[in-house]
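[1] Quick one, what's the 3D model for this:
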Amino acid sequence: MLITFVDDLVPFDGCSAELVPLGGPEKGLIALAVGLARRGHTVRVFNRCDRSVVADGVSWRPIKECDAAYSDWLIAHRNPTLLRHVPNADRTALWMVGDATYLGNPSPLSAITDRKSVLVLQSLAQSLTVPKSLQANAAEVVVPAALDCYRTAPEMLPSTPAHAVVTTHPANGLDWLLGIWLDHVFTRIPTAELHIYSSTLERGAAGGDLPTSLRPLLARALAGRRKGVKLFRPLSDNKMSEVYRRARVHLYPSDERDLLCTTLGDSQAVGLPAVARDKGAARERLLNGQSGYLAPNAEDFADLTVRLLGEDVIFTKLCRIARTRQRKRDWDQVAADFERVLA
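    Coordinates of the predicted model:
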């Protein structure tokens, strides 16, 4: 089949992941396109890439050149108005990556209903945001997978001193988490470190632009250096896999707006236990009490963090379960699910 993806948010192509860190939606689009190509389909992507390129059997072209009239499938990524491309596609779908509430507005609603498009969602939490005006529309939840570099990572090898990893967006509960660390974790394990991977904060620490709303958070993080807080720029997936291998726990404050929790799924596949709040899609990405914990309050969040930083028995147990149960699904299976949904 001829499968066409359209996306218009950020510039990237099938080679980008080897050069720069990408967000979850971008990594997912690349992985799904490659997975479908490996299953024998002809796959093309029109997006904001700088030039035409073929990578891993997938054709990437600038969206401004999109003059395609026909495709067996048209899959709009994120933006429902992109469904107006490829007018003669046999089947159409909108692959959602965030909150679906806005789809009830007139423009996205008409774009979906006019073409009888299937909604493809990535978590049950996301499905709860679908507006009533679309609840009679065809929809499926297709759970994403971790990339192979996470799924096939070697055994955990935590480094000394013991440290926790944070990958959350600074606006999604990082200030709350920093308070937990400074007041309730470091005071009990003064040798431990908190490694925050954030391009926004790392850029701000280097003197770059930073939103005004995040300046107090950056100041607090920098002041926390004497209590083990360190800022890092996110790395490519192959290198982030090694980052997770060397840590003791992934601290994930969660947010109701975080309906993918991509990095939580990645670290779980490596085998890194997590402590998270029960918000957004966090409960769908870890096995509570088995590969990590959903902490009901700040006190428990701190206690569980301290245990995973300092107790080898519980750390090893959760690592083993994460590695055996959280790395089974791959992008070939995701591609097969899309075949079923759009058959």
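
[2] average pLDDT for stretch 232-239?
    The average of the pLDDT scores along stretch 232-239 is 96.

[3] scratch that, stretch 126-138 is what I was asking about
    Rounded mean pLDDT across stretch 126-138 is 93.

[4] Just give me the neighbour total for Thr324.
    11 (other C-beta atoms under 10 Å). Just so you know, the C-beta spots here come from the backbone N, C-alpha and C atoms, and that holds for glycine as well.

[5] Return the backbone torsion pair for it.
    phi -90, psi -30 (degrees, to the nearest 10).

[6] Quick check: buried residues in stretch 121-136?
    Neighbour-count burial for stretch 121-136, with 16 or more other C-beta atoms under 10 Å as criterion, is recorded at 121-123, 125-127, 129-130, 134.

[7] any chance of those in CSV, with secondary structure and distance to Glu339 too?
    Listed next are the buried residues of stretch 121-136 as CSV, based on DSSP: H, G, I helix; E, B strand; the rest coil; distance: C-beta to C-beta, whole Å:
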residue, secondary structure, distance to Glu339
Leu121, strand, 17
Gln122, coil, 17
Ser123, coil, 20
Ala125, helix, 25
Gln126, helix, 21
Ser127, helix, 21
Thr129, coil, 26
Val130, coil, 23
Leu134, helix, 23
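
[8] which one is the residue most central in space within the chain nearest to, not counting chain neighbours?
    Centroid-nearest residue in the chain: Thr262, 2.2 Å away (criterion: C-alpha atoms, centre = their mean). Leaving out its chain neighbours, the residue that sits closest to Thr262 by C-beta to C-beta, 6 or more residues apart in numbering is Gly24, at 3.0 Å.

[9] Could you give the backbone dihedrals for that neighbour?
    Per-residue torsions, Gly24: phi -60, psi -50 (degrees, to the nearest 10).

[10] could you pull out the strands for this structure?
    Applying DSSP state E to the chain gives strands spanning 2-6, 42-47, 53-55, 58-62, 73-77, 91-95, 118-121, 139-141, 163-166, 193-197, 229-232, 249-252, 274-277, 292-295.

[11] Could you export those strands as a markdown table, including distance to Arg215?
    Listed next are the strands of the chain as a markdown table, based on distance: least, C-beta to C-beta, whole Å:
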| stretch | distance to Arg215 |
| --- | --- |
| strand 2-6 | 37 |
| strand 42-47 | 33 |
| strand 53-55 | 39 |
| strand 58-62 | 36 |
| strand 73-77 | 33 |
| strand 91-95 | 35 |
| strand 118-121 | 35 |
| strand 139-141 | 38 |
| strand 163-166 | 19 |
| strand 193-197 | 16 |
| strand 229-232 | 14 |
| strand 249-252 | 22 |
| strand 274-277 | 24 |
| strand 292-295 | 28 |
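
[12] buried stuff in stretch 60-71?
    For stretch 60-71, the neighbour count (16+ other C-beta under 10 Å) marks 60-61, 66, 68, 71 as buried.

[13] First-to-last residue distance for that stretch?
    Terminal residues of stretch 60-71 lie 15 Å apart, using C-alpha to C-alpha, to the nearest Å.

[14] Now do that stretch: distance to the chain's middle.
    Here the centre of stretch 60-71 is set off from its chain's centre by 27 Å, with C-alpha atoms, centre = their mean, to the nearest Å.

[15] which residues are contacting it?
    Stretch 60-71 is touched from outside by 2-4, 6-8, 13-14, 44-54, 85-90, with contacts defined as C-beta atoms under 8 Å, 6 or more residues apart in numbering.

[16] Just give the nearest non-adjacent residue to Ser107, would you?
    Per C-beta to C-beta, 6+ apart, closest to Ser107 is Thr81, 6.4 Å.

[17] Go ahead and confirm the one you found touches Leu109.
    No - shown here, Thr81 and Leu109 do not form a contact pair, counting by C-beta atoms under 8 Å, at 10.9 Å.
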